[in-house]
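Asks: Sharing a sequence plus its predicted fold:
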Amino acid sequence: MAQALLGYHSEARWLRYANKHPPDMFPYLPQRPGCHRRLKAALPLLKRMIRELAMDSDFWTDTVWIADSAPVPCGMSRPTVQRSKMAGWAGYGYCASHARSFWGLRL
């Protein structure tokens, strides 16, 4: 939990930080393979805790969801668009963050 709250996305960087900064806070830290093995074993427990915390929030029963979608361009030229097998799913859109139109899908 401390790794996620402090913003460390890499196990190696987190272990380096935890070994240096608060040495008395963590009396025993496993090496990287052991840490990864324990994290994988604790995944169901972590998922359950995230779900319990989410259910306790006001947003759990909310009917309005805000979603951000990332564009995935499938083709740039007209001939590519015309012969693509994605023609049934993909469409034209505009990506404001890249200030360009695209033909593709939104995730």
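Replies: That came in fine, so what should we check first? Numbering: from 1, shown residues only.

Asks: neighbours around C74, how many?
Replies: A total of 18 residues lie near C74 under the criterion other CB atoms under 10 Å. For glycine as for every other residue, the C-beta is placed from the backbone atoms N, C-alpha and C.

Asks: and it, helix, strand or coil?
Replies: strand (DSSP: H, G, I helix; E, B strand; the rest coil).

Asks: if I pick it, what's in contact with it?
Replies: The neighbours of C74, taking CB atoms under 8 Å, 6 or more residues apart in numbering as the test, are V81, S84, M86, A90, W103, G104, L105.

Asks: for the top helix by length along the chain, which positions count as buried?
Replies: Under DSSP state H, the helix in the chain containing the largest number of residues is helix 43-56. By neighbour count with 16 or more other CB atoms under 10 Å, helix 43-56 contains no buried residues.

Asks: what mean pLDDT does that helix have?
Replies: For helix 43-56, the mean pLDDT works out to 88.

Asks: Output the strand or helix carrying G104 as PDB - backbone C-alpha positions only.
Replies: Secondary structure from DSSP states H and E places G104 in strand 100-106. What follows is strand 100-106, C-alpha atoms only, in PDB (Å, rounded to 0.1, in the frame of the first residue of the first chain):
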ATOM      1  CA  ARG A 100      -5.800  16.000 -35.000                       C
ATOM      2  CA  SER A 101      -8.500  13.900 -36.500                       C
ATOM      3  CA  PHE A 102      -8.000  10.100 -36.700                       C
ATOM      4  CA  TRP A 103      -9.600   7.000 -38.000                       C
ATOM      5  CA  GLY A 104      -9.700   4.200 -35.500                       C
ATOM      6  CA  LEU A 105     -11.100   3.200 -32.100                       C
ATOM      7  CA  ARG A 106     -11.400   4.700 -28.700                       C
END
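
Asks: May I have stretch 49-65 exported as CSV, CA atoms only?
Replies: This file holds the C-alpha atoms of stretch 49-65, laid out as CSV (Å, rounded to 0.1, in the frame of the first residue of the first chain):
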residue,chain,number,x,y,z
MET,A,49,-9.9,-4.4,-0.2
ILE,A,50,-10.1,-2.1,-3.3
ARG,A,51,-13.7,-3.3,-3.9
GLU,A,52,-14.6,-2.8,-0.2
LEU,A,53,-13.3,0.7,-0.2
ALA,A,54,-15.1,1.5,-3.5
MET,A,55,-18.4,0.1,-2.1
ASP,A,56,-18.0,2.4,0.9
SER,A,57,-17.8,5.5,-1.3
ASP,A,58,-20.7,7.5,-2.6
PHE,A,59,-19.7,6.9,-6.2
TRP,A,60,-20.5,3.1,-6.0
THR,A,61,-24.3,3.7,-6.5
ASP,A,62,-23.9,6.8,-8.8
THR,A,63,-25.5,6.5,-12.2
VAL,A,64,-23.2,9.0,-13.9
TRP,A,65,-19.7,7.8,-14.8
